[in-house]
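Engineer: Need coordinates for the below:
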Amino acid sequence: MTAMPFLAERMTPPDTPPPSLSKLEELLLRHWGFSSFRPGQEDVVLSGAAGEDVLAILPTGGGKSVCYQIPGLYRGGVCLVISPLVALMADQVQGLKNAGLQAEALTGALHPKAAERLLSRYEHGPGGFLFVAPERLTHPHFISACRAMPVRTIAVDEAHCISQWGHSFRADYLNIGILREWHPTASWMALTATATEHVANHIESQLALKAPRRFRMPMRRPNLSFLVHYIANKEAAVLDWARRAEGSGLLYVRTRKDAESMAHLLQGEGVSAAPYHAGMTREDREDHQRRWLSDELSILTCTTAFGMGIDKSNVRDIAHAHVPESPESYIQEAGRAGRDGLPARAVLILDEQAHAQAAERISNQWPSEETVRAVLQGVVNQIGLAVGTPMENPVEIDLSLLTSSLNVRSAHVKTAMDLLSRAGVLVLHPVDSSLWFKWAASEAAIQAWATAPHQDQVWRHGLAQINPPKHHARSKLDPLNWAKKSKGTLSTAWAHLKHWQEQGLIQLISPDERVSISFPNARPDAASFSLPNGLLIHRVQESTARWKAMEEYLEAKVCRAQQLESWFENANCPPCGCCDICSPPAAPSSQDLVNWIGSGISTLELKRRIPSVHHDAARASLEHLRGLGKIEWRESWIQPVS
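Structural biologist: Okay, the predicted model is just below:
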């Protein structure tokens with residue numbers, strides 16, 4: 001299919017009548033090569049192209065992109081797309097360019113002059129698709145240009161991020177509503193793969209959608225089977241899973257350390273695997289992703305940092321070596337398997353500690369009101385703001401310094417800042433994307449280190465030039481430019497920085513460790529401050545409810561897919577027929593039980609070996625064996641009678 005340029009004469013006038021299905025199918029065929037829409041797409045596309053506000057809840061891999069791209073193309077002008085990840089934007093932009101359409105992403109990686117030229121094209125040119133992150137909506141240059149653009153369609157991708165009840169809440173999404181003021185006649189399309197009724201209502205309310213059409217497709221993909229494996233040894237189970245995996249696989253783990261260790265474990269057994277997590281350099285992440293997408297790697301061991309917007313058709317197996325904290329996040333990640341319609345599997349691999357560890361994380365997820373007050377006091381101490389004084393100009397603060405001075409978990413500090421923002425106490429502003437660093441050792445130690453002969457002398461000298469050792473103030477550092485000046489690679493630059501940080505010579509402060517704040521009103525006394533009624537408790541209740549739904553999924557004795565769909569208030573779906581409940585392995589025989597008991601086994605371990613659907617039958621068999629005098633059953637231990 002030959003790519004066609006996005007020409008001005010092909011822009012649709014704003015008073016175009018509602019489209020016919022045949023007209024939209026013509027665009028689909030011309031640019032994407034398909035003659036008809038997938039199930040669930042047709043009504044969404046028709047409503048969006050007709051200028052109606054739409055909330056579309058379509059399963060992962062259900063073709064959400066086309067649902068806003070066809071209306072955006074049909075309606076003409078600028079289609080502004082709010083998207084959460086640079087990698088996701090890049091993928092969508094490339095897809096649109098492959099279809100012969102004008103598309104660009106405005107990201108922090110662009111030089112200011114290039115960003116200025118891009119904005120000018122969309123302000124004065126024929127139109128097209130412009131992708132921006134929600135943080136961009138507060139930048140003065142973007143505000144000025146965007147208000148002058150002929151925006152006719154606004155698409156909010158991953159719209160669940162806008163909801164304070166959503167599993168991926170992102171405060172910057174709360175700024176999106178300002179676009180309604182800038183472009184009152186534009187039509188809106190909000191799209192997500194997962195949203196409960198509660199979250200869907202909040203999305204519509206937050207975006208002020210006008211008489212929205214809501215379309216919800218079942219989250220289930222009939223070719224995807226859900227399984228839960230209770231195991232004794234996680235490493236052995238992961239190896240067994242990897243050896244059995246077909247096509248491409250993803251192993252989701254909870255921490256960056258787990259991603260590295262599991263990749264190393266698989267590599268040691270001859271499996272082509274690599275890690276992916278936010279602690280890696282962008283260069284390494286992109287390399288591992290590229291190799292996995294091109295089938296050079298069989299398995300990525302990844303945290304939740306990987307996956308959004310990834311569309312790979314031959315992913316056959318996805319495993320979780322931890323318990324996800326909500327049905328939404330689990331469905332998002334598991335739903336990346338089987339997009340080609342062929343059989344695929346999503347398995348949770350759980351050892352004895354996994355359930356308890358997840359439950360503990362949930363119970364410790366939220367800060368107390370006392371912690372919120374301590375964070376408020378720590379913030380005002382860091383910037384020197386007196387009680388009753390406002391501060392209109394934003395100031396950046398170091399969250400890592402705040403965390404260490406208060407002896408509070410970093411996650412609690414960030415959540416407390418969010419709560420203070422929601423309470424109207426302070427305002428959170430975007431921070432620039434640069435890396436900061438400062439010297440952490442004494443001047444004498446730094447000077448000795450900087451001048452000592454060593455193979456990395458060029459790197460040491462270059463860093464000392466950027467921020468002389470006698471200065472203990474923080475400085476901006478561009479690792480790529482530093483690498484170029486030192487005639488090295490970005491990977492080498494990061495290796496040096498991490499090594500020196502481990503030695504205690506420097507401290508690196510990334511953008512996610514900083515926050516820019518202002519106090520629009522008189523700052524309150526932290527000692528007597530209280531959060532507005534319900535602000536914290538409602539979030540705790542929502543988090544607890546999501547975790548309870550995951551526990552019910554783990555312990556389900558009905559179809560796993562039905563159990564997941566019940567969370568989204570879809571109670572009328574039939575059993576899937578392919579999960580480990582609907583289609584379990586055969587029930588263990590009495591001899592199987594005797595063999596597993598061996599010389600003795602804990603009841604918990606024996607229970608893990610038996611599919612949950614057979615627990616009642618197995619218990620009856622054990623009672624029978626005990627009645628025959630063949631086994632002895634004492635509380636949590638079973639052993640043969642000698």
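Engineer: ok, which stretches of the stretch 351-500 of the chain are strands?
Structural biologist: 391-398, 427-429, 435-439, 475-477 (DSSP state E, counting those that start in this stretch).
Engineer: for the stretch 1-150 of the chain, that is, sorry about that
Structural biologist: Taking DSSP E, counting those that start in this stretch as the criterion, the stretch 1-150 of the chain carries its strands at 54-57, 78-82, 103-106, 128-132.
Engineer: Same question for the stretch 151-300 of the chain.
Structural biologist: Going by DSSP E, counting those that start in this stretch, the stretch 151-300 of the chain shows strands at 151-156, 187-192, 213-216, 224-230, 248-252, 273-276, 299-302.
Engineer: how about CSV for the strands of the stretch 1-150 of the chain, with mean neighbour count added?
Structural biologist: Glycine gets a C-beta too; all of them are placed from N, C-alpha and C. Compiled in CSV, the strands of the stretch 1-150 of the chain are given as follows (neighbours: other C-beta atoms under 10 Å):
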stretch, mean neighbour count
strand 54-57, 26
strand 78-82, 26
strand 103-106, 21
strand 128-132, 23
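Engineer: okay if I get those as CSV plus distance to residue 561 and mean pLDDT?
Structural biologist: Below are the strands of the stretch 1-150 of the chain laid out as CSV (distance: least, C-beta to C-beta, whole Å; pLDDT from 0 to 100):
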stretch, distance to residue 561, mean pLDDT
strand 54-57, 16, 94
strand 78-82, 31, 95
strand 103-106, 35, 93
strand 128-132, 33, 95
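Engineer: Please work out which of the strands of the stretch 351-500 of the chain is packed deepest.
Structural biologist: Sort the strands of the stretch 351-500 of the chain by mean neighbour count, taking mean count of other C-beta atoms under 10 Å, and strand 435-439 sits at the top with a mean of 20.
Engineer: Give the rounded mean pLDDT of it.
Structural biologist: Averaged across strand 435-439, pLDDT comes to 83.
Engineer: Nearest to residue 219 among the strands of the stretch 1-150 of the chain would be which one?
Structural biologist: strand 54-57 (8.4 Å; C-beta to C-beta).
Engineer: before we move on, the earlier item: okay if I get the strands of the stretch 351-500 of the chain as a markdown table plus distance to residue 596?
Structural biologist: Formatted as a markdown table, the strands of the stretch 351-500 of the chain follow (distance: least, C-beta to C-beta, whole Å):
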| stretch | distance to residue 596 |
| --- | --- |
| strand 391-398 | 55 |
| strand 427-429 | 55 |
| strand 435-439 | 54 |
| strand 475-477 | 57 |
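Engineer: Below-threshold pLDDT in the protein: ranges please.
Structural biologist: Applying pLDDT under 70 to the chain flags the ranges 1-17, 61-62, 87, 164-171, 309, 433, 455, 470-472, 569-571.
Engineer: mind running it again at 50?
Structural biologist: Applying pLDDT under 50 to the chain flags the ranges 1-12.
Engineer: Break it down into its structural domains.
Structural biologist: 8-216, 224-360+542-567, 391-532, 590-640 (automatic domain parsing).
Engineer: Quick one: those domains as a markdown table, columns for distance to residue 583 too.
Structural biologist: A markdown table is the format used below for the domains of the chain (distance: least, C-beta to C-beta, whole Å):
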| stretch | distance to residue 583 |
| --- | --- |
| domain 8-216 | 21 |
| domain 224-360+542-567 | 8 |
| domain 391-532 | 39 |
| domain 590-640 | 10 |
